[in-house]
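Peer 1: Okay, here's the prediction I keep looking at, along with the sequence it came from:
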Amino acid sequence: MVEIIIIAAVAENNVIGKDGDIPWRISQDFERFKKITLESPCIMGDITYESLPDNARPLPNRENIVLTFNKEYHPDGTTIFHSWEDALEYVKDKEKVFICGGASIYKLGIKVADTFELTRVHKTIVGGDTFFPEVNWDEWKLINEEKYEEYSFLTYKRIKK
């Protein structure tokens with residue numbers, strides 16, 4: 001059965017985006033994202049996919065699974081789904097899959113995820129317009145933490161009830 005992993009970088013005030021872009025540049029976060037998602041499917045919405053830099057679209061050495069309501073949308077190098085349920089069915093026999101955003105995809109992913117790879121950005125972003133959904137942290141256990149001055153890498157596992 002597939003391990004579903006949310007991977008996100010989130011500011012202290014839960015901002016994940018501003019004006020269609022990530023409102024910070026942390027090269028170590030990009031390196032970590034690449035390292036841990038390599039060779040795995042990555043599910044994202046079409047807006048998130050379009051926000052990737054041209055030279056990183058599609059994400060190399062990963063299956064780019066894009067959710068969209070637009071029946072005409074099908075960029076080269078992507079696997080397209082028009083429903084969350086169909087995308088999950090498609091990946092059910094994979095070893096792991098990463099949920100890569102945006103906000104509405106994260107909201108769906110939180111309900112089913114097993115693992116949460118969080119980069120907590122140690123700043124408040126003024127004017128952010130895209131926010132990570134609320135998380136019930138009582139359902140998660142912190143299993144690894146790497147603290148740095150500007151950010152922390154945190155790994156959580158869902159507490160099985």
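Peer 2: Yes, it's here.

Peer 1: what's the nearest residue to the residue nearest to the spatial centre of the chain if we skip its chain neighbours?
Peer 2: With distances taken as C-alpha atoms, centre = their mean, residue 100 lies nearest the centre of the chain, 2.1 Å away. With C-beta to C-beta, 6 or more residues apart in numbering as the criterion, residue 100 has its nearest non-adjacent residue at 4.2 Å, and that residue is residue 44. C-beta: built from backbone N, CA, C; applies to glycine.

Peer 1: Pull the number of nearby residues for the one you found.
Peer 2: Residues near residue 44, counting by other C-beta atoms under 10 Å, number 23.

Peer 1: Going along the chain from whichever helix or strand it is part of, find the next helix or strand for me.
Peer 2: Using DSSP states H and E, residue 44 sits in strand 42-45. Following strand 42-45 in sequence order, the next helix or strand is helix 46-51 (DSSP H and E).

Peer 1: quick revisit: for the strand holding residue 44, which outside residues touch it?
Peer 2: Identification of contacts with strand 42-45 by C-beta atoms under 8 Å, 6 or more residues apart in numbering yields 59, 62-68, 87, 91, 97-102, 104-105, 109.

Peer 1: That's all I had, so thanks and see you.
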